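Visitor: Generate coordinates for the sequence data below:
(one chain, ligands or ions: 1)
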Amino acid sequence: MQGGRIETGPHGILENTSANPDMLNQPSVKSTQASDWDTHWKSLDSERRIFSFLSLATRRLIFEPTVAFYTRRFFPPEGVFVEMGCGTAESSAAVDRRDRKLIGLDFSAVALHAAQQARRMDGLMQADMFASPCRTHSIDGIWNLGVMEHFTEPQLRTCLREFRRVLRPGGILLLFWPAENNASRWVLGPPERLIRWRRGTEFTFFPGEVSRLRSKSQARLLLGSEGFRVKTIEFNWRTAFIHMVIAATAE
Ligand SMILES: C[S@@+](CC[C@H](N)C(=O)[O-])C[C@H]1O[C@@H](n2cnc3c(N)ncnc32)[C@H](O)[C@@H]1O
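Guide: Numbering: from 1, shown residues only. Next up, the predicted model:
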């Protein structure tokens, strides 16, 4: 793993100091959702080559520079930053390291293996972001892209509460959260409908996107009620009109 291990000492971020932080040595997380995501990441290698290519191109051309831009803008130059739901960590390939320690957390072992090979993070953790092993107030910033839309409202609340627990007061939360009506739906919607029609079964390229963001005020209300102060919400050409970018501080 690049950069070695995640610190477990008093200045580290792990709750249980006897835990082995090397993600591949951790017991696998028991969750049906984790296995759904394992299947998703595996299938990108085989069946869905065209989608895989499009998804790679979108990450390189749009997500990478967008994530780099906003992390540079909102994250302080030093500290510990965790991508909650990092997947293969490709979208974060261009995040400026400076004196930052970048940690990727995901519950899919398949995705983490790919992230490990790509060597983009200083450390990786296999864990559930709803109940992470991170210590309270130990993290300076959290970010994720393409994750929140997969959670139901009660899950979103649990997740935000957990983010707030592990962020230090004043720590930054940076979410790249797809808008309900976004440009990737215009591209992926028609082929999804065609595949559903041909197979006669339900089909989506991603496991259910149940909570795409309907409006900026929806995000403000949700984050505000979970103890975050929203600094800005943007939906513009920089995100190719796919994600709303939300920057907030933990109060
Ligand atoms: C659509 S992928 C996005 C991955 C990455 N951010 C990217 O840009 O490609 C969502 C990721 O969230 C992870 N995930 C979903 N629920 C999770 C949970 N409760 N705990 C940890 N990871 C989770 C999945 O395993 C998956 O890798």
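Visitor: From here on, just use CA atoms for contacts and neighbour counts.
Guide: Fine.
Visitor: Tell me who's in contact with residue 112.
Guide: 87, 88, 106, 124, 126 (C-alpha atoms under 8 Å, 6 or more residues apart in numbering).
Visitor: Apply 7 Å and report the result again.
Guide: Residue 112 makes contact with 87, 88, 106 under the criterion C-alpha atoms under 7 Å, 6 or more residues apart in numbering.
Visitor: Give me the three-state assignment for residue 105.
Guide: For residue 105, the reduced secondary structure class is strand; criterion used: DSSP: H, G, I helix; E, B strand; the rest coil.
Visitor: Number of residues surrounding it?
Guide: By the measure other C-alpha atoms under 10 Å, the count of residues near residue 105 is 24.
Visitor: likewise residue 234?
Guide: A count of nearby residues for residue 234, using other C-alpha under 10 Å, gives 15.
Visitor: If we ignore the residues flanking it in sequence, what's nearest it?
Guide: Leaving out its chain neighbours, the residue that sits closest to residue 234 by C-alpha to C-alpha, 6 or more residues apart in numbering is residue 245, at 5.1 Å.
Visitor: Give the full set of residues in contact with the residue nearest the centre of the chain.
Guide: For the chain, residue 144 is the residue whose C-alpha lies nearest the centre (C-alpha atoms, centre = their mean; 3.0 Å). Contacts for residue 144 were tallied using C-alpha under 7 Å, 6+ apart; they are 83, 84, 85, 86, 174, 175, 176.
Visitor: Just checking: what are the partner strands of the helix or strand hosting it?
Guide: Following DSSP states H and E, the helix or strand that holds residue 144 is strand 139-145. Paired with strand 139-145 in the same sheet, following DSSP bridges, are strand 78-84 (parallel), strand 167-178 (parallel).
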